[in-house]
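Visitor: fold the following for me, if possible:
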Amino acid sequence: MDRKIVYFDNNATTQVAPEVREAMLPFFGELYGNPSSMHFFGGQVGAYVTKAREEVAAFLNCEPDEVYFTSCATESDNTAIRGCADWWGKSMKMVTTAVEHPAVLQPGRRLKAQGHEVVELPVDATGQIDLERLRAELKGTQHALVSVMWANNETGVVFPIREVAEIAKEYGATVHTDAVQVAGKIPIDVKKVPVDMLSISGHKFHAPKGVGVFYLRRGTKCKPFMLGGHQESGRRAGTENVPYIVGLAKACELATAHMADEARALQPLRDKLEAGILATCPNVRVNGDRAHRLPNTLNVSFEYIEGEAIAYHLSDLGICISTGSACASGSLDPSHVIRAMGVPFTAVHGSIRFSLSRYNTMEEVDYVLEKLPPVVKNLRDLSPFGPDRDPTTFQ
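Guide: Sure thing, here's the model as predicted:
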């Protein structure tokens with residue numbers, strides 16, 4: 001492509017690492033056997049799946065037989081929620097949060113429509129939950145599923161997932177976490193954080209789209225979600241996607257080796273971007289807990305203008321950003337995450353997410369800071385809304 005591209009939408013998807021592509025290539029060519037086949041050729045390919053499972057297990061600090069490969073984290077989330085509901089039936093209570101990814105909220109709301117008890121915990125202005133409210137919801141429960149994301153995909157807010165899991169365990173609850181946004185950014189250790197189920201997706205940390213992981217702790221009561229074959233120890237039917245599984249394992253290896261260095265490199269870029277926006281654009285607020293957030297993520301709201309308009313104008317300049325979750329990008333409704341945090345209506349429509357990766361540079365941050373303020377000013381000049389105008393029609 002000839003045009004300049006500044007890609008700051010890495011929470012939506014990431015560039016596949018060259019090392020990952022290289023690891024995958026043989027499985028599109030000479031190593032094309034079905035890993036479930038009994039002959040030597042299938043067994044040769046199956047050995048790579050076994051090795052990949054061991055590498056992912058090392059990444060999560062779990063046992064290889066607790067790792068199941070899926071198509072994506074959405075499938076993994078649905079597996080956790082539906083699997084527990086199928087096991088316990090309507091005696092199960094699900095406790096989640098109001099700011100979860102739709103891959104958790106929508107299955108939970110379907111359970112509620114089917115007669116299950118489902119509670120979505122509110123968040124405060126920083127995007128954090130009240131742990132005592134969680135404790136109160138679990139008191140007296142017989143079978144409970146707690147599903148709380150490790151970090152929010154829109155704001156980057158990191159939840160106290162270890163404390164969440166420990167409280168849940170006090171009441172005998174099963175714990176699931178959508179760990180999509182922390183994978184490759186901060187360490188995951190399921191021996192230190194006592195979750196029973198965990199979901200990650202390869203394309204969020206430089207593996208390809210189309211492969212994910214469902215971690216299931218030994219002994220956790222959860223029925224299989226995908227039926228029809230013996231693959232993945234009978235827990236996820238369907239021929240294994242070998243090239244992508246190998247790529248995911250390579251991405252885990254790279255993340256383990258470089259995670260700390262990348263965090264140290266990304267945070268100054270994120271912080272310079274934040275400081276520059278606040279210095280050059282009036283009527284802007286940073287969304288989320290600034291003390292507990294991913295090093296690569298910045299969510300800001302520009303008052304009195306639409307985030308979609310900002311995104312379109314920046315796209316024309318080669319700058320790729322998001323107004324929220326990529327899975328909800330077709331919706332004109334304001335972000336459910338930003339609304340749940342109580343952001344004023346003058347700003348809720350103007351939220352923008354910047355999310356960086358190892359391939360971003362300080363020069364790209366400077367380019368965004370050069371191009372963004374004029375876009376914001378021009379949109380505000382055209383807007384009928386503003387601090388000196390009647391805002392009531394903005395609702």
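
Visitor: contacts and neighbour counts: CA atoms only from here.
Guide: OK.

Visitor: low-confidence ranges, the stretch 251-395 of the chain, go.
Guide: 324-332, 386-395 (pLDDT under 70).

Visitor: now do the helices in it.
Guide: 307-316, 336-340, 345-348, 362-382 (DSSP state H, counting those that start in this stretch).

Visitor: so which of those helices comes closest to Thr155?
Guide: In terms of C-alpha to C-alpha, the element of those nearest to Thr155 is helix 336-340, at 8.2 Å.

Visitor: and the gap between Leu382 and Ile200?
Guide: Applying C-alpha to C-alpha, to the nearest Å, the value for Leu382 to Ile200 is 42 Å.

Visitor: so for those two, which residue has more residues nearby?
Guide: The neighbour comparison of Leu382 against Ile200 (other C-alpha atoms under 10 Å) goes to Ile200, with 28 against 9.

Visitor: show me the contacts for Lys87.
Guide: Not quite, residue 87 is Trp, not Lys. 221-223 (C-alpha atoms under 8 Å, 6 or more residues apart in numbering).

Visitor: count the neighbours of Ile81 for me.
Guide: Other residues lying near Ile81 total 24 when counted by other C-alpha under 10 Å.

Visitor: before we move on, the earlier item: now the helices of the stretch 251-395 of the chain in JSON lines, with distance to Asn78?
Guide: Converted to JSON lines, those look like this (distance: least, C-alpha to C-alpha, whole Å):
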{"stretch": "helix 307-316", "distance to Asn78": "29"}
{"stretch": "helix 336-340", "distance to Asn78": "20"}
{"stretch": "helix 345-348", "distance to Asn78": "29"}
{"stretch": "helix 362-382", "distance to Asn78": "37"}
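
Visitor: closest one to Pro295 among those?
Guide: Taking the helices of the stretch 251-395 of the chain one by one with C-alpha to C-alpha, helix 362-382 is closest: 14.6 Å.

Visitor: for that closest one, which residues meet the burial criterion?
Guide: By neighbour count on 16 or more other C-alpha atoms under 10 Å, the buried set for helix 362-382 is 364-365, 368-369, 372-373, 375-376, 379-380.

Visitor: how far away from the center of its chain is that helix?
Guide: 27 Å (C-alpha atoms, centre = their mean, to the nearest Å).

Visitor: tell me what angle it forms with helix 307-316.
Guide: 130 degrees (axes from the mean of the first three to the mean of the last three C-alpha atoms, to 10 degrees).

Visitor: what's around Lys221, how many residues?
Guide: If we define neighbours as other C-alpha under 10 Å, then Lys221 has 17 of them.

Visitor: kindly report the same for Ser71.
Guide: Neighbours around Ser71, by other C-alpha under 10 Å: 20.

Visitor: and which of the buried residues of helix 362-382 is nearest to Pro344?
Guide: The closest of the buried residues of helix 362-382 to Pro344 turns out to be Arg380 (C-alpha to C-alpha; 17.2 Å).

Visitor: which non-adjacent residue is nearest the closest one?
Guide: In space, and not counting its chain neighbours, Arg380 is closest to Ile305: 6.3 Å by C-alpha to C-alpha, 6 or more residues apart in numbering.

Visitor: of the contacts of Trp87, which is the nearest to Asp86?
Guide: When the contacts of Trp87 are compared against Asp86 (criterion: C-alpha to C-alpha), the nearest one is Lys223, at 6.3 Å.

Visitor: relative to Pro26, how far out is that closest one?
Guide: 34 Å.

Visitor: more crowded one of those two?
Guide: For Lys223 versus Pro26, neighbours defined as other C-alpha under 10 Å are more numerous around Lys223 (17 against 12).

Visitor: measure that one to Leu198 for me?
Guide: From Lys223 to Leu198 the distance is 15 Å (C-alpha to C-alpha).

Visitor: which among the helices of the stretch 251-395 of the chain is found nearest to Val123?
Guide: Val123 lies closest to helix 336-340 among the helices of the stretch 251-395 of the chain, at 6.4 Å (C-alpha to C-alpha).

Visitor: need the contact partners of that closest one.
Guide: 98-100, 122-124, 127, 154, 287, 348, 351.

Visitor: same check on stretch 185-194?
Guide: So stretch 185-194 is contacted by 59-62, 161-162, 165-166, 182, 255-256, 259-260, 262-263, 294-295 (C-alpha under 8 Å, 6+ apart).

Visitor: buried members of those residues into PyMOL, please.
Guide: Written as a PyMOL command, the selection of buried residues from those, which uses 16+ other C-alpha under 10 Å, is:
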select buried, resi 59+60+61+62+161+165+166+182+255+256+259+262+263+294+295
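
Visitor: excluding covalently adjacent residues, which one is nearest to Asn11?
Guide: Ser355 (5.7 Å).

Visitor: residue contacts, the one you found?
Guide: 8-11, 296-298, 321.

Visitor: quick one: which of these is nearest Lys272?
Guide: Nearest to Lys272 among the contacts of Ser355, counting by C-alpha to C-alpha, is Leu298 at 10.6 Å.

Visitor: return the residues in contact with that closest one.
Guide: Leu298 makes contact with 155-156, 270, 274, 286-287, 353-355, according to C-alpha under 8 Å, 6+ apart.

Visitor: for Ser37, same thing?
Guide: Counted by C-alpha under 8 Å, 6+ apart, Ser37 has contacts Gly43.

Visitor: again with Thr239
Guide: Thr239 sits next to 34-36, 231 when contact means C-alpha under 8 Å, 6+ apart.

Visitor: any idea which of those has the most stuff around it?
Guide: Among the contacts of Thr239, Pro35 has the most neighbours (other C-alpha under 10 Å), with 24 neighbours.
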